[in-house]
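Visitor: Take a look and give me a structure for this.
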Amino acid sequence: MSPFIAGKNRRFRRLAALVVAGAAAAPAVAHAQADPTAHDSLVDAVKDKPVVSDAVDTANTNADKPGAPAGADQGTKENTKENLMPGYIPGYRRGLGLGLSPYAPLTPSPPGGLTVPFSAPTLGDDWTFNFWGYMSAALRVGQGTRLDPTGNQYAQTLHTYPRIVDAYGQFNGTNVPQGSWVDLTFEYGNNRVTSHVKISTWKPTGGSDWTPLGSQNFFQEAYLSFKIPVGAVNLKWNVGAFQNTYGGLGQYDVGRYNAPIIGSPFGVGETLTAQYDLSARYTLFVEDGFMGRLGKVPVGAPPIVSIDGAFNSSIPSSWVHHAHAGLARHGTVPLILGLHYLTNWAQDERDQQDDPRTTFVDEGNRPDPRLTVLGADFRMIDNYLGNFAVAASYADAHTATLLTGMNFFGAFNGEQLTKRFLGPQGGGTGQLVVVGLEYNIAWGRLLRYPVELSPNGPEFFTSVFLDYVHVASKDPDFDGRRMYKFGTELTYRWLSWLTFSGRVDRVAPNSKDSEESFTVLSPKIIFKSDWLSHEQVTLSYTRWLYGAHTHAEFPNDFTRGQLDQTMYALTFGLWW
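Guide: This next block holds a predicted model:
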């Protein structure tokens, strides 16, 4: 056979082999392109096929193939095995497709190309998901009377939402008639970094009234927590949109009167906490943070009353800086002492226009506002002596009505602080001294100490709580005013599913007019599924004994004649 014919036959056999191989592979390729469940991400690839170690010698694999030369070319090692190392190339997908996966985020990639691509795993992955939260809802019914009922009308009336003197954050509020609250937190991370996303509302829409839209906080917080050990110092760094709370009087909450004594900054920023163990008994804490608000309403937008002032174009963008130091003592009776500094201020030159609602402040020529708070708190954490906390703060305000970004003693912004405590004249300029105290004790646990009683049994609890405020203001109607409220609650856990409780509070919101003072009485029956279950259902009755001049506070400005004196409530809640 001539060399020409022999070469032609060899080329024909090679071409036929390629056609046969292509025909055999075509159905598989067609199936991969048509199958809607085909893998399109590196996650699927790694799940189906483990990563091949770089130590694997592809020459040995090739040597097993028919016709492969002994000691196959080492230079083809990286080309003959798939590189499944996550993150080696952003956007890597095994399966071909015309677009991104539906679950790919519609956002630009982070700067620098330094992170693992979206949905791609990392080697030795220890990431975990956690979900926790709290939910409660309350049916609160106010009872009233008709002055001149007709023959087909009841003299007694029932209505909801009740018109009561009690509301969140207000000094007149005692939190006796607990309302609704839903707080859901989603976490994903490992032992180094964790992401947190919180959804919350205080009015579940389906069972609410005409006000639920403003209560939907929706994605209220979104931030990262880093844990950074540096030698003997443990650092924790929170970065994102969140809030801190200082001066809470409860073990896990701000206390019975539901208002932080020192302050609660919120916004977008960071908080860095350092923890150092001085010894096996004492730990030192140091903390610093900085926050700002997300945005500002443009000029020309009409002023709207809102809980945080976010819809008022006269309000400048605000900032918060806070620093803290504390010492903790471990042992049978844990103790914590904290010192706190917070300052909330604004220095924004944009859109300075007058707000017609604030007659004592010209926002068109506004000064830069500032609120500085110095505080201290001391806590005895839950033990046989009970759970005790006392906190005090001194606040120095200058034109504070313009501020946002920090909740001080229940006032969510400067407008609420001014109308509730400092008065409109002077635009929120003055000083406040605030003191709070709370003590909860389980008598069976105390009297039987050091014998530890089982928590699965009857117990008698006593709680006492007190708040006090002194005002010095440029507004003569508020200057020199003293405000206080105190109360006690007795609770008997009788059966695993049944508890009885009774509470009384005395509120004096204005030392200049004793007729504004009032008393609150509230007996309750509490149902649970077990001694220490996470849920409870409460049936309560609340009676207000008003003074002649008692009235509600901003923004619920009910007069004495409009207020309900009696309320019935069915409340249920669960935490996990």
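Visitor: helices and strands of this protein: which one has the lowest mean pLDDT?
Guide: helix 42-48 (a mean of 38; mean pLDDT, DSSP states H and E).
Visitor: and S136, how many neighbours?
Guide: For S136, the neighbour count with other Cβ atoms under 10 Å is 20. For glycine as for every other residue, the C-beta is placed from the backbone atoms N, C-alpha and C.
Visitor: what sits against it?
Guide: Contacts for S136 (Cβ atoms under 8 Å, 6 or more residues apart in numbering) come out as 178-182, 571-574.
Visitor: pLDDT below threshold where in the stretch 1-150 of the chain?
Guide: Along the stretch 1-150 of the chain, segments meeting pLDDT under 70 span 1-103, 117-125.
Visitor: mind redoing it with 80?
Guide: Scanning the stretch 1-150 of the chain with the threshold set as pLDDT under 80 gives 1-110, 112-125.
Visitor: Same question for the stretch 451-576 of the chain.
Guide: The stretch 451-576 of the chain contains residues with pLDDT under 80 at 554-556.
Visitor: And for the stretch 301-450 of the chain?
Guide: By pLDDT under 80, the low-scoring segments of the stretch 301-450 of the chain are 301-315, 349-366.
Visitor: Help me confirm that V197 is found in a strand?
Guide: Yes. According to DSSP: H, G, I helix; E, B strand; the rest coil, V197 belongs to a strand.
Visitor: which residues does it bridge with?
Guide: For V197, the beta-bridge partners are F186, A222 (DSSP bridges).
Visitor: what's the neighbour count on it?
Guide: Neighbour count of V197, defined by other Cβ under 10 Å: 16.
Visitor: Could you check the pLDDT of G292?
Guide: G292 carries a pLDDT score of 91 in this model.
Visitor: Repeat that for Y161.
Guide: For Y161, the pLDDT comes out at 81.
Visitor: my guess is it meets R140, correct?
Guide: Yes. Applying Cβ atoms under 8 Å as the test, Y161 and R140 come out as touching, 7.2 Å apart.
Visitor: Counting neighbours, go ahead and name the busier of these two.
Guide: Remark: of Y161 and R140, R140 carries more neighbours, 21 against 15, as counted by other Cβ under 10 Å.
Visitor: Tell me what the more buried one is bridged to.
Guide: Beta-bridge pairing for R140 (DSSP bridges): A569.
Visitor: Make sure it is actually in contact with Y541.
Guide: No. Assessed by Cβ under 8 Å, R140 is found out of contact with Y541, at 11.4 Å.
Visitor: Identify the contacts common to the two.
Guide: Common neighbours of R140 and Y541, using Cβ under 8 Å, 6+ apart, are 567-569.
Visitor: now those residues: which count as buried?
Guide: Applying 16 or more other Cβ atoms under 10 Å to these, the neighbour count classes 567-569 as buried.
Visitor: with the contacts of S136 in mind, which one is nearest to Y449?
Guide: Among the contacts of S136, G573 lies closest to Y449 (Cβ to Cβ), at 30.5 Å.
Visitor: tell me the SS of that closest one?
Guide: Assigned state for G573: strand (three-state reduction, three-state DSSP).
Visitor: Could I get the contacting residues of it?
Guide: Neighbour list for G573: 134-137, 535-536 [criterion: Cβ under 8 Å, 6+ apart].
Visitor: what pairs with it across the strands?
Guide: Applying DSSP bridges, one finds that G573 bridges with S136, Q536.
Visitor: Then M483?
Guide: V469.
Visitor: now the one 10 residues further on
Guide: Here R493 sits in beta bridges with E459, T499, going by DSSP bridges.
Visitor: ok, it touching L532?
Guide: No. Shown here, R493 and L532 do not form a contact pair, counting by Cβ under 8 Å, at 10.0 Å.
Visitor: re the thing from before, filter the contacts of G573 to the buried ones?
Guide: The neighbour-count test (16+ other Cβ under 10 Å) applied to the contacts of G573 identifies 134-137, 536 as buried.
Visitor: In CSV: these, plus distance to Q275.
Guide: Shown next, in CSV, are the buried ones among the contacts of G573 (distance: Cβ to Cβ, whole Å):
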residue, distance to Q275
Y134, 26
M135, 32
S136, 33
A137, 38
Q536, 34
